[in-house]
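Asks: next come a sequence and a model predicted from it.
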Amino acid sequence: MIFIADDLNQHDVGCYGNKDVKTPNMDQLAAEGMRFKSAYAASPMCAPSRSVMFTGLYPFRNGSQMNHFTVRPNTRNLPQFLQKLGYRVVISGKTDIFPLHNFPFERIGEEFGKYAPIENRTDRKKETVNMISTHFREHPEQPICLIVAPWIPHVPWFPNTDFDPQKIKLPEYLADTKETRKALTAYYQSIGVADRMLGEVMQAIEGAGAKNNTVTMFISDQGAQFPSAKWSVYDQGLRIPMIVRWPGKVNPGTVSDALVSLVDLTPTLVDLAGGKAIDGLDGASFKDVLLNKKKEHHPYIFAETSMEPHFWYNYTPSRTVITKDGFHYIRNYHPGVRFITHIDKVEQNEFYFDSWIAGAATNPKTKFLLDRYSYHPPEELFDLNNDRSEFSNLITNPAYYSRVNELKKLLDKELDRQGETAEMIQEGPLPKFFDQSYTIRQNGSAADLSFNKKLWNPHVLLVTAYLDQIDKGGVICDYFNNFKLYAYHDQIGLVLANGKTINSDKLSVDKGQLCMTLSEKGDLVVKFNQQTIITQNVEKDLTKIKGGYVSCGIIQGEEMKGNLQSYDGRITDLRFTMNELSREP
């Protein structure tokens, strides 16, 4: 059983040293098992982090780098591996992996897996504990892997009833304002809710008589939604609690300094289930650490942030390595761009960020913390042994020059191993916007979250490109599941959301300029090399941006065949233009 808390810092758990928050069940688990001090997420964002957990691959290699993006087509994953070993693989609550049907979990608790209302987040129907009881009563011989994933303590937080904002100890990385203290107590309140839910699940396992043959693991997906924690690759964003109880195998009350990552979760669970090591994964099983056969695991781990599609205008990617001896090297690829996240303006409740801005005018510590969050230099180096808050950037300290060079080479080697270049990182998986149009590069996609739908609200949509090799071809673009435009076997056409296909006659040339015009009234005209090849009314408005992706040459997260295969040939300058192809400069 793997319990995933949502947005929880390691040091905000009682057994990790927090004296204010109350986590008796997490603490009990640590007393009965092993507590990891150096456990890290591979991304400080929900969907990329969970995609890493369930694939054993770092974000670039599985494809889910920005929040809410899909993994690459046919990416192997945890439920597939364990089902081959005879396991029932169940996820209860939040999924946040895309496309979900690529991950063949048995799903329960879908109600408390939704973002709102927060009252549902505690699994009020008790589907999880009921399933545990039912499984061990009706299928006692079938092994099971259960992922319990509530939206706790993710924002919006539960209202505080248990804490005095003035008496709690404020972590060093947070500015001391009235609003911050109030927000922190709501976060602590939510941690307590998560702890009680963990306790219910632990009791259900014990009540089913399964405690002694169940590995119980508690983790979070990344740090809390505070400045320089979630979204960032600072220690607060990446360092997570990890506690593992394995009766008769893991010595109670043990503490491990082994450097582990959530990329290790899938290979570890496969190993625990008796499976062979999976070739090609980035993670590695830490089973031998649990069995006290090894004290160390990785010499270093890698992590990244590619930000959110909501914030395409401040795309600020970072890549980082953390070594087993406690050095943390960060490379920021757009240091001239201000770092902006949900925290700045669109927090769901307990909004405190304006108090930081106001406080920075008179309080030097607040100004330092605000600037540290908002502006990142090209490179950073921290010694976590002496500076867990990461306030002292050692990158220009001559005493660390040789170490900096070692870590630069280590990060370059890791990026080269994964196949990601500096140019890829700097450009990112985003559209290139113009005043009335945007372009998508071939084999790229953009999520609907990257668009202001009030602005990008065309009455007429124009799609233009230069196509080569339409005799082979494939999908030109998927437009938010409204339609898929293709060129295949010397024909050009569309597949609509209802499955209807519209296509041209056979064309005599296999390359040329495409121009498709589609009005909100459904009037469709497709031209190729300035010749009209399709004229039809599709009888509905397909011009608007809706949930999903716009892509070039691929279907995001899917591998299809025939006219919707990934484009075999070259698509140049795929551009989506709103209302008219202007001749004005």
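Replies: Looks like it came in fine.
Asks: please count neighbours and contacts with C-alpha atoms only from this point.
Replies: OK.
Asks: is the residue nearest to Pro104 when sequence neighbours are not counted in a helix, a strand, or coil?
Replies: If the residues on either side of it in the chain are set aside, Pro104 comes closest to Pro79, at 5.9 Å by C-alpha to C-alpha, 6 or more residues apart in numbering. Using DSSP: H, G, I helix; E, B strand; the rest coil, the structure places Pro79 in helix.
Asks: kindly report the same for Gln469.
Replies: Using three-state DSSP, the three-state assignment for Gln469 comes out as strand.
Asks: determine the number of other residues adjacent to it.
Replies: Summarising burial for Gln469: neighbours were counted as other C-alpha atoms under 10 Å, giving 20.
Asks: Lys182 versus that one, what's the distance?
Replies: Note on Gln469: its distance to Lys182, by C-alpha to C-alpha, to the nearest Å, is 61 Å.
Asks: name the nearest residue to Leu82, ignoring sequence neighbours.
Replies: Residue nearest to Leu82 in three dimensions, not counting chain neighbours: Val270, with 6.4 Å by C-alpha to C-alpha, 6+ apart.
Asks: thought that neighbour was touching Phe81?
Replies: Yes. Shown here, Val270 and Phe81 form a contact pair, counting by C-alpha atoms under 8 Å, at 7.0 Å.
Asks: about what we covered before: wait, the residue nearest to Pro104 touches Asn102, no?
Replies: No. Under the criterion of C-alpha under 8 Å, Pro79 makes no contact with Asn102, lying 9.7 Å away.
Asks: which one's more surrounded, those two?
Replies: For the pair Pro79 and Asn102, the greater number of neighbours falls to Pro79 (24 against 20), based on other C-alpha under 10 Å.
Asks: and the strands in the stretch 101-250 of the chain?
Replies: Along the stretch 101-250 of the chain, the segments classed as strands by DSSP state E, counting those that start in this stretch run 106-108, 144-149, 216-220, 242-245.
Asks: okay if I get these as CSV plus mean pLDDT and mean neighbour count?
Replies: Compiled in CSV, these are given as follows (pLDDT from 0 to 100; neighbours: other C-alpha atoms under 10 Å):
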stretch, mean pLDDT, mean neighbour count
strand 106-108, 97, 15
strand 144-149, 98, 22
strand 216-220, 98, 23
strand 242-245, 98, 25
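Asks: of all those strands, which one comes closest to Leu449?
Replies: Each of those was checked against Leu449 via C-alpha to C-alpha, and the shortest separation belongs to strand 144-149, namely 23.8 Å.
Asks: that closest one: how far from the chain's middle?
Replies: 19 Å (C-alpha atoms, centre = their mean, to the nearest Å).
Asks: now stretch 62-79
Replies: Taking C-alpha atoms, centre = their mean, the mean C-alpha location of stretch 62-79 is offset from the chain mean by 9 Å.
Asks: what about it, start to end distance?
Replies: 15 Å.
Asks: stretch 29-40 now?
Replies: Its first and final residues considered, stretch 29-40 spans 19 Å by C-alpha to C-alpha.
Asks: neighbouring contacts of it?
Replies: In this structure, residues lying in contact with stretch 29-40 by C-alpha atoms under 8 Å, 6 or more residues apart in numbering are 15, 222, 238-247, 250-262, 290.
Asks: then stretch 543-550?
Replies: Counting by C-alpha under 8 Å, 6+ apart, 445-449, 453, 456-461, 477-482, 518-520, 556 sit against stretch 543-550.
Asks: tell me which of those fall in strands.
Replies: Among the contacts of stretch 543-550, the subset assigned to strands under DSSP state E consists of 445-447, 460-461, 477-479, 518-519.
Asks: which one (most neighbours) among these?
Replies: Comparing the ones in strands among the contacts of stretch 543-550 on neighbour count, Cys477 comes out first with 32 neighbours (neighbours: other C-alpha under 10 Å).
Asks: how about the nearest residue to that residue, chain neighbours excluded?
Replies: Using C-alpha to C-alpha, 6+ apart and skipping the chain neighbours, the partner closest in space to Cys477 is Cys552 (4.7 Å).
Asks: ok, Leu507 next?
Replies: Using C-alpha to C-alpha, 6+ apart and skipping residues adjacent in sequence, the residue nearest Leu507 is Asp490, 5.3 Å away.
Asks: that neighbour and Leu467 touch, don't they?
Replies: No. Asp490 sits out of contact with Leu467 when judged by C-alpha under 8 Å, with a separation of 11.2 Å.
Asks: comparing these two, which residue is more hemmed in?
Replies: Between Asp490 and Leu467, counted using other C-alpha under 10 Å, the more crowded position is Leu467 (22 against 18).
Asks: quick check: beta-bridge partners of the more buried one?
Replies: When bridges are called by DSSP bridges, Leu467 pairs up with Gly512, Ile571.
Asks: next up, the contacts around the residue nearest to Ile554 when sequence neighbours are not counted.
Replies: Ranked by C-alpha to C-alpha, 6+ apart and with sequence neighbours excluded, the top spatial neighbour of Ile554 is Ser566, at 4.7 Å. With contacts defined as C-alpha under 8 Å, 6+ apart, the neighbours of Ser566 are 473-475, 553-555, 559-560.
Asks: which stretches of this protein have low pLDDT?
Replies: Applying pLDDT under 70 to the chain flags the ranges 346-348, 583-585.
Asks: leaving out sequence neighbours, find the closest residue to Asp96.
Replies: Going by C-alpha to C-alpha, 6+ apart, Asp96 has Ala47 as its nearest residue, at 5.2 Å.
Asks: ok, now which ones touch Tyr188?
Replies: Each residue near Tyr188 by C-alpha under 8 Å, 6+ apart is listed here: 12, 21, 160.
Asks: skipping its backbone neighbours, what lies nearest the first one in space?
Replies: It refers to Asp12. Once flanking residues are discounted, Asp12 sits nearest to Asn18: 5.5 Å by C-alpha to C-alpha, 6+ apart.
Asks: what ranges do the helices span in this protein?
Replies: Listed in chain order, the helices of the chain (DSSP state H) span 24-32, 46-55, 59-62, 78-84, 127-138, 178-207, 235-238, 265-272, 287-290, 342-345, 353-360, 364-374, 401-418, 422-427.
Asks: looking at strand pairing, list the partners for Ser551.
Replies: Going by DSSP bridges, Ser551 forms beta bridges with Ser445.
Asks: repeat that for the one 4 residues further on.
Replies: Applying DSSP bridges to Ile555 gives these bridge partners: Glu558.
Asks: quick one: residues contacting it.
Replies: Under the criterion of C-alpha under 8 Å, 6+ apart, the contact list for Ile555 reads 475, 477-478, 564, 566.
Asks: Val148: which of those is nearest?
Replies: Distances from Val148 to the contacts of Ile555, taken by C-alpha to C-alpha, are shortest for Asp478, at 33.8 Å.
Asks: how far away is the nearest residue to the closest one once chain neighbours are set aside from Val155?
Replies: Counting by C-alpha to C-alpha, 6+ apart, Asp478 lies nearest to Lys484, which is 4.4 Å off, once chain neighbours are set aside. The spacing between Lys484 and Val155, counted by C-alpha to C-alpha, is 36 Å.
Asks: neighbour count for the two, which is higher?
Replies: Regarding Lys484 and Val155, a neighbour count based on other C-alpha under 10 Å identifies Lys484 as having more, with 24 against 20.
Asks: quick check: that one vs Gly493, distance?
Replies: Relative to Gly493, Lys484 is positioned 8 Å away (C-alpha to C-alpha).
Asks: what's the answer for Gly56, then?
Replies: Spatial separation of Gly56 from Gly493 under the definition C-alpha to C-alpha is 38 Å.
Asks: higher neighbour count, the two?
Replies: Under the neighbour definition other C-alpha under 10 Å, Gly56 and Gly493 were set side by side, and Gly56 has more, 29 against 21.
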